[in-house]
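A.B. asks: make a model of this:
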Amino acid sequence: MSLKEEILKIAKHAKCASSELALLDTTIKNQILKEMADCLEAKSDFIIKENRKDLEKANLKKLSKVLIDRLTLNQKRILQMAKSLRTVADLKDPVGEVMRSWGRPNGLLIKKVRVPIGVIGIIYESRPDVTAECAALCFKSGNSVILKGGSEAINSNLGIFNCLLDTLKKHKISTGAINLIATTDRKAVDILLGLDAFVDLIIPRGGEGLIREVAKKSRIPVIKHYKGICHIYVDSGADLNMAEKVCFNAKVERPGVCNAMESMLVHSEVAIRFLPGMIKKFKDSNVQIRGCPTTRKIIKTGVKAVTVKDYATEYLDLILSVKVVDSLSEAIEHINKFGTHHSDAIITDDEKAAVEFLRRVDSACVYVNASTRFTDGGQFGMGAEVGISTDKLHARGPMALEELCSYKYTIFGQGQIRE
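C.D. replies: Residues are numbered from 1 along each chain as shown. The predicted structure follows:
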């Protein structure tokens, strides 16, 4: 069987299974998800063993520390995967929910009802936990899923996938509900992107290059998760102790993820008081600082000159651009110019400034006095996420159960005709 025939078979299988899934009882879905979680925990040693094979290859290829961190599985991360599946099981099932109901003068009763999208293709890199979490969200929302992970995580992904598949088989659910394209051949993605007769939506997760390539080639609608150039603005009315704590967390806690802070903006009225201690703390954690001229006047050594390219780059590393601004408006204009509509925050005790920031910053997630690191389906109480959309149509921000549904109108009459 050729690669094209193999992937076409998977897509057809998924399409058939989607009809079954759309009607599957919530209690059964929840039971299966909990048993999948149990299976992940029971087979954690095997999954970690498979993950080591991927890590060995990654080290031989000298992949970056950031990529290796994303790729690494351990007992804690597998327990977190299992916890995510159980959380998804405990969430309200969106399928069949009546979003709105109203009557018309002619007696018609109209209901807007959530329904599954159908078949969802998820193309992702590095992170094997995506295999479990995305499969769980698609399954709970009544969608079949076709997973295509990166070659660097092939053994880890297969180890996780087999746990999910075994549970489906146990309950005699069509195995087309959850599919994994196991080949490492890059042509597989191109083939999948052309199967618009069987796949309803594509969600790419990974680097900007992958996402742009998928969006360019796909004949299927794509929800994009472009780079996360996230900002924190320390306002003149900020509690500086809070600001230091939040900014440090947003940059250092896990720098290689899309919701980490890439740029820190500081109001000129507090810059002299705030920057010395803050930048020392960053430097002590090996953060490379790239600062504007004012920043470099305040911090005499160890700060590289920032460039426009720095402001527009998602480094996913211990690199931070710093800019001193003279007003809230200047900060907002900078964010809207260089940001990627992902996650941005203001630290302030000035309610008026906070409201203006929330109103004017055009991002999927806008924070007051909190770290951008909270932009995450799990942290938002969604159990997990299939991605963080920086698009504006259909879904924006963390995508979970509701965002994996479309809707239809059901209309009840008593013989009405249109005249």
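
A.B. asks: surely residue 248 is within a helix?
C.D. replies: Yes. With DSSP: H, G, I helix; E, B strand; the rest coil as the criterion, residue 248 is part of a helix.

A.B. asks: mind listing what it touches?
C.D. replies: 278, 281, 282, 285 (C-beta atoms under 8 Å, 6 or more residues apart in numbering). All C-beta spots, glycine's among them, are computed from the backbone N, C-alpha and C.

A.B. asks: could you dump stretch 1-11 to CSV, C-alpha only?
C.D. replies: Coordinates of the C-alpha atoms in stretch 1-11 are reproduced here as CSV (Å, rounded to 0.1, in the frame of the first residue of the first chain):
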residue,chain,number,x,y,z
MET,A,1,0.0,0.0,0.0
SER,A,2,1.4,3.4,-1.0
LEU,A,3,1.7,6.3,1.6
LYS,A,4,-1.2,8.1,-0.1
GLU,A,5,-3.4,5.0,0.0
GLU,A,6,-2.5,4.5,3.7
ILE,A,7,-3.4,8.0,4.7
LEU,A,8,-6.6,8.0,2.6
LYS,A,9,-7.6,4.8,4.4
ILE,A,10,-7.0,6.5,7.8
ALA,A,11,-9.1,9.5,6.7
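
A.B. asks: how far away is residue 361 from residue 379?
C.D. replies: As for residue 361, its distance to residue 379 is 20 Å (criterion: C-beta to C-beta, to the nearest Å).

A.B. asks: neighbour count: those two, which is higher?
C.D. replies: Applying other C-beta atoms under 10 Å to residue 361 and residue 379 shows that residue 361 carries more neighbours, namely 22 against 13.

A.B. asks: what residues sit buried inside the lowest-mean-pLDDT helix or strand in the chain?
C.D. replies: When each helix and strand of the chain is scored by mean pLDDT, DSSP states H and E, helix 65-71 comes last, with a mean of 86. By neighbour count on 16 or more other C-beta atoms under 10 Å, the buried set for helix 65-71 is 66, 67, 68, 70, 71.

A.B. asks: so what does it touch, helix or strand wise?
C.D. replies: Secondary-structure packing of helix 65-71 (3 or more C-beta pairs under 8 Å, 6 or more residues apart in numbering; DSSP states H and E): helix 44-60.

A.B. asks: quick check: buried residues in the helix it packs on?
C.D. replies: If you call a residue buried by 16+ other C-beta under 10 Å, then helix 44-60 has these buried ones: 44, 47, 48, 50, 51, 54, 55, 57, 58.
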